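# curious how this folds, go ahead:
(chains A and B)
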There are 2 protein chains.
Amino acid sequence: MASSQQSWQSIASSKQEKRWSLIPEQWRLSERYPLGSNVMNVPETCGILTATEIELTSHDAVQILSLISDGTYSCESVTVAFCKRAAIAQQLTNCLTEIYFEEAIERAKMLDAQRHTSPEEKLGPLFGLPISIKDSFNIKGSDSTIGFASYANKPSHETGKLPELLLDLGAVIHCKTNVPQTMMTFDSDNNVWGRTLNPHNTAFTAGGSSGGEGALVAMAGSAIGIGTDSGGSIRIPGHVNGVYGLKPTSDIVPYSGQAFPVHPGMPIFAPSAGPLARSMRDCRFFVQVILEAGAWSRDATCAHISWAPDDSEIQPRKLRIGFVKDDGLLTPTPPVQRSLQEAADKLEAAGHTLVPIELPQVAEILTAVRKFLTMDSLKFTRSQIEASGEPFIPSVIKMGLLQEQNHSILLDDLERLRGERFVHQQIYNDMWRENRLDVILAPVSSHTSLPHDQSKHINYTALWNYLDHPGISIPRGIVKSTDSVSGAAKYGAIDEEVYASYTGPVQYAGIPVSVQLIGLKQDDVHFVLAAELIDRRTISFYDFLPIPHVSARIRWTSCTG
Amino acid sequence: MASSQQSWQSIASSKQEKRWSLIPEQWRLSERYPLGSNVMNVPETCGILTATEIELTSHDAVQILSLISDGTYSCESVTVAFCKRAAIAQQLTNCLTEIYFEEAIERAKMLDAQRHTSPEEKLGPLFGLPISIKDSFNIKGSDSTIGFASYANKPSHETGKLPELLLDLGAVIHCKTNVPQTMMTFDSDNNVWGRTLNPHNTAFTAGGSSGGEGALVAMAGSAIGIGTDSGGSIRIPGHVNGVYGLKPTSDIVPYSGQAFPVHPGMPIFAPSAGPLARSMRDCRFFVQVILEAGAWSRDATCAHISWAPDDSEIQPRKLRIGFVKDDGLLTPTPPVQRSLQEAADKLEAAGHTLVPIELPQVAEILTAVRKFLTMDSLKFTRSQIEASGEPFIPSVIKMGLLQEQNHSILLDDLERLRGERFVHQQIYNDMWRENRLDVILAPVSSHTSLPHDQSKHINYTALWNYLDHPGISIPRGIVKSTDSVSGAAKYGAIDEEVYASYTGPVQYAGIPVSVQLIGLKQDDVHFVLAAELIDRRTISFYDFLPIPHVSARIRWTSCTG
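Next comes the predicted model:
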């Protein structure tokens, strides 16, 4: 292989040059924006998109599908518009890895032609929808570098089960998106592609590991983005970029056919794939499409869950919502606290019942999480980095995982860990039943997006990966001018350090804040329906449903939360 | 604990004395039967049961429930009848461990009284049904020895999730049933309770590890029996005792709250709980009841599978049935071959399509199975045996598992094993899809029941545990006088040795033969419906449905296959 002779620097520069060459001249920005800029409005103001394209990309995926279906837009026009926005987002935030604009537009034309030729044929449920996917998903003939120079120039032999399914359902895949080296930090930074920036403030992190998706979807560079989440990697990017980020239960969405930063047989807890999107109904719709398509029969890792909602049960009913103010380890910072309390107040005012919940055994669980993640001392991960001689990125060092030298745990330890996990899962299951909960409302993180390379805590997200409950980050606007520095950390030195990261509404102006909803394991159908019910007109900043053609993107910039 | 001072011999004799004391005088048999007897008819001829009780216990579970529901029988009369038969079965085959006859009859009376007091209250779906469970399931206040003297006299603090659910649904649990020491052999023999005998020929094995259930259900000592299956432990006892034995996908039936012969956190492949029963519809009904009861929300190990069959899809349709003649390693012996071919011919004649299937990678998979099962060199298992100083039973030595000294595999090895297993699961999944199969028809084993301590091969069953597909053994009658010794083993020395175990229809007279149906992972709903459709009047020996009050037990003895 050529790659074994090449230096990681030369691999990186040739990958980046290739990427740059795939952005057409006429889609290139003339202006540069200094670090610390809010670049959210650039796609609308830069002159590259037509008015129609601005309008078109302002809709959520469900609306776009309906506008393709009724003939308002062609697949080609939709794909071109999103490719343009993706190209702009890339230039502003460095969110992409592999670019397939040309192939995507060709495919969109082909779909239009097919429809023209066979007008009676039923359209796939994702017909013409531009979808971006995290770099880890294999696309035949294309790299899945996941930020390792040693993975470059080794094109996949086969397309992964999820992109294969999405294509079969009519989707158009126009790009792959950036991740952190190791896929285990909240800064999507690596030596091959560089760092993804937060479009709300480019001096802040876009989160990780699906950080490229978070930035891209926030800029409407994709109708739906696919991420993966083993400790928060969908929900954190959703939270810090102000979009919805749904981590389903582990075996809902096909997961096979990815490049992994750990051995594919590593007996860790439940990793999950899921959507980042600009509306709750897009997330619900995505789950519905995957389940209705019988993904389980295609990918042996999927559970046979049916999309069989009893709408009459969900829709008119008032819900019982567990309310988690904090986890007893990290105190939410003022904007997170305020935003969570507002959501709780609104839910209560809407007639739902809030049930205060103290999460059991959080410290024990987070210790177990760390042991699971580092069970092989990240020997496999480290060897992929060392293969090219590239250095660790700063956030990998900051996370401290690579320093945990367990020298691979023994089977006894693993059995103990797994045995404890079963017990913890049953404790949470019983707690859920005893309180008759529909969902839990909790922070996504104790803090918002932080400046680059400052994030390292996975408390509020990894808990639910370990237990394998579905969770979603729901955007609730941005830091307010009234979110002053106040209160104090309640749980000791580490908490104090994290709490102090919030320096007030001047530095954090424009930074998004989200809340998290959590469901019961494999109860994803009920969960997304309940989340859609309580999100709509209640806690969310976005509201697509009742007002067609008034876009979230437009309302985002005009609303102050 | 007293048990640590007591010798295993004294533990065994006090446990057995206690068990004997729980069989009422008037239910004790006067006659003894020598080894080699067929004792299947003794319950009808011994004079302990009334004519009504003989009639009552001849029905399958679904019929009994309907006869309780319509008031034909009281819960008490049903429970007394099955307790009597269980007591008789115990004396003939040594199939029981813990006996709860007194408590069961008390509970049945209580259910009758409840119904009398609140006639309008809806009956639970298992109202009044006597169910036996494998010794491993915990019942509060009672032992789960699973054949280890060291587990004796340590009553469970909590009832397991499955018996708890069954009781909540109205069932009556009247006894627990015997297993092999280690639960890893096909001879249900141990130093605490002794050996369970095959009621068709007491010189033959009743199978294992759910061998007590197999013998008990064959003698109609229980309406439904609950077993567990990690390598064939439901299907083999079903096969060798001539009853239905359903191993669902691993996470369908609650599994938590059992005594295990390995560490509960051991990362083996998918163990499963399921029913042994006297009709296919009982097996289908059991799965339906468990799924409709929402077992998943009670036991965190369960998958959220819905009982949402599209009957119209199944019932009138002709099925595509994969036909596996052998696995390329062990040649089926003459009665197994004959029985399988007859089933295939009948299915074809009934209009179903048979698709010849060569199972991929069987040898590799069976090597992996053995590595999984012995990953800790059975250190945990061995320590439970050594704790009391009891010896290994002969079939444990014969299986050879305790001799495999891996000294606990390392994480690397486990990752490799797990990684390979994902690949194998996908290969089988793809094979299933490519051939558009509904079910697969295959042997349960290459041979029938063998004389005690001769069985050791798990080829045709463990494959499906490893892949986590559901499977069921379906009885097809007994060895025929025309099943002469003929043909030859095709696959070398081991195959020759196993093939030679069949010595002809004289020694094997009356020994049951079954076939196996296999479904797709987590497709249990479709699977049991398809199995019910093709079993009825097509391949099965039993046929309850169209002729009420003509019992399988009666037809069994009058029919020659």
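# where does pLDDT dip in chain A?
A:1-4, A:309-316, A:404-406, A:537-561 (pLDDT under 70).
# quick one, helices of the stretch 451-561 of chain A?
Along the stretch 451-561 of chain A, counting by DSSP state H, counting those that start in this stretch, helices occupy A:459-467, A:493-499, A:524-534, A:552-558.
# ok, which of those helices comes nearest A:Y244?
Each of the helices of the stretch 451-561 of chain A has some distance to A:Y244 by Cβ to Cβ; the shortest is helix A:524-534, at 9.1 Å. All C-beta spots, glycine's among them, are computed from the backbone N, C-alpha and C.
# check the offset of the closest one from the chain's centre.
How far helix A:524-534 lies from its chain's middle: 18 Å, per Cα atoms, centre = their mean, to the nearest Å.
# flag every buried residue along that helix.
A:D524, A:V525, A:H526, A:F527, A:V528, A:L529, A:A530, A:A531, A:E532, A:L533, A:I534 (16 or more other Cβ atoms under 10 Å in any protein chain shown).
# one step back: quick one: which of the helices of the stretch 451-561 of chain A is nearest B:W464?
Counting by Cβ to Cβ, B:W464 lies closest to helix A:524-534 out of the helices of the stretch 451-561 of chain A; the figure is 27.2 Å.
# give me the residues contacting that closest one.
For helix A:524-534, contacts defined as Cβ atoms under 8 Å, 6 or more residues apart in numbering or on different chains pick out A:246, A:248-249, A:252, A:280-281, A:283-284, A:287-288, A:291, A:305-309, A:311, A:314-315, A:319, A:321, A:347, A:350, A:352, A:438-439, A:470, A:472, A:474, A:517, A:519-520.
# just the buried ones from the residues you listed?
A:246, A:248-249, A:252, A:280-281, A:283-284, A:287-288, A:291, A:305-307, A:309, A:314, A:319, A:321, A:347, A:352, A:438-439, A:470, A:472, A:474, A:517, A:519-520.
# from chain B, how far out is A:S339?
Look at A:S339 and chain B: by Cβ to the nearest Cβ, to the nearest Å, they are 31 Å apart.
# then A:R85?
A:R85 is 36 Å from chain B, by Cβ to the nearest Cβ.
# helices or strands up against the helix or strand containing that residue?
Using DSSP states H and E, A:R85 sits in helix A:75-93. Counting contacts by 3 or more Cβ pairs under 8 Å, 6 or more residues apart in numbering or on different chains; DSSP states H and E, helix A:75-93 packs against helix A:42-45, helix A:51-57, helix A:61-69, strand A:96-99, helix A:101-117, strand A:130-134, strand A:172-177, helix A:211-218.
# tally of neighbours for A:K134?
Look at A:K134: counted by other Cβ atoms under 10 Å in any protein chain shown, it has 30 neighbours.
# again with A:L67
Other residues close to A:L67 by other Cβ under 10 Å number 18.
# for it, which non-adjacent residue is closest in space?
Once flanking residues are discounted, A:L67 sits nearest to A:Y73: 5.0 Å by Cβ to Cβ, 6 or more residues apart in numbering or on different chains.
# show me what contacts that neighbour?
A:L56, A:I64, A:L67, A:G128.
# return the residues of the stretch 451-561 of chain A in contact with chain B.
A:L520, A:K521, A:Q522, A:D523 (Cβ under 8 Å from any Cβ of the partner chain).
# residue nearest the centroid of chain A?
Centroid-nearest residue in chain A: A:I234, 2.8 Å away (criterion: Cα atoms, centre = their mean).
# and the longest helix seen in chain A, anywhere near chain B?
In chain A, assigned by DSSP state H, the helix with the most residues is helix A:411-434. Yes: against chain B, helix A:411-434 shows contacts by Cβ under 8 Å from any Cβ at A:411-412, A:414-422, A:425-426, A:428-429, A:432-433.
# ok, stretch A:261-281 next?
Yes: on the criterion Cβ under 8 Å from any Cβ, stretch A:261-281 is in touch with chain B at A:H263, A:P264, A:G265, A:M266, A:P267.
# of all those residues, which two lie farthest apart?
A:P264 and A:P267 (11.0 Å).
# give the residues shared as contacts by the two.
Common contacts of A:P264 and A:P267, defined by Cβ under 8 Å, 6+ apart, comprise B:E415, B:R418.
# and A:I173, how close does it get to chain B?
22 Å.
# neighbours around that residue, how many?
A:I173 has 24 nearby residues by other Cβ under 10 Å.
# OK, contacts around it?
Counting by Cβ under 8 Å, 6+ apart, A:I173 touches A:Y100, A:A104, A:P130, A:I131, A:S132, A:I133, A:I139, A:P163, A:L166, A:L167.
# among the residues you listed, which two are most distant?
A:P130 and A:I139 (14.5 Å).
# these two: who's more crowded?
A:P130 (31 against 23).
# show me what the more buried one bridges to in the sheet.
Applying DSSP bridges to A:P130 gives these bridge partners: A:V172.
# A:S222 is in contact with that one, correct?
Yes: look at A:P130 against A:S222 with Cβ atoms under 8 Å: they come within range, at 6.0 Å.
# list the residues that contact both of those two?
In contact with both A:P130 and A:S222: A:F82, A:H174, using Cβ under 8 Å, 6+ apart.
# rewinding a little: any idea which of the helices and strands packed on helix A:75-93 is most buried?
helix A:211-218 (a mean of 35; mean count of other Cβ atoms under 10 Å in any protein chain shown).
# the inter-axis angle of it versus helix A:75-93?
120 degrees (axes from the mean of the first three to the mean of the last three Cα atoms, to 10 degrees).
# can I get the CA coordinates of helix A:211-218 in PDB?
C-alpha atoms of helix A:211-218 as PDB (Å, rounded to 0.1, in the frame of the first residue of the first chain):
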ATOM      1  CA  GLY A 211     -19.300  16.800  15.300                       C
ATOM      2  CA  GLY A 212     -19.100  17.100  11.600                       C
ATOM      3  CA  GLU A 213     -22.800  16.100  11.400                       C
ATOM      4  CA  GLY A 214     -23.700  18.500  14.100                       C
ATOM      5  CA  ALA A 215     -22.100  21.500  12.400                       C
ATOM      6  CA  LEU A 216     -23.400  20.500   8.900                       C
ATOM      7  CA  VAL A 217     -27.000  19.900  10.000                       C
ATOM      8  CA  ALA A 218     -27.000  23.100  12.000                       C
END
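# helices or strands up against that helix?
helix A:75-93, strand A:96-99, strand A:130-134, strand A:172-177, strand A:224-229, helix A:235-241, strand A:272-277.
# quick check: next helix or strand after the longest helix of chain A?
Once the chain leaves helix A:411-434, the next helix or strand it forms, by DSSP H and E, is strand A:439-443.
# next one: that next one to chain centre, how far?
Going by Cα atoms, centre = their mean, where strand A:439-443 is centred and where its chain is centred differ by 18 Å.
# quick one: strands adjacent to that strand?
Applying DSSP bridges, strand A:439-443 is found paired with strand A:320-323 (parallel), strand A:512-518 (antiparallel).
# the first one: what's the following helix or strand?
Meaning strand A:320-323. helix A:334-349.
# could you check how far that following helix is from the centre of its chain?
Distance, centroid of helix A:334-349 to centroid of chain: 22 Å (Cα atoms, centre = their mean).
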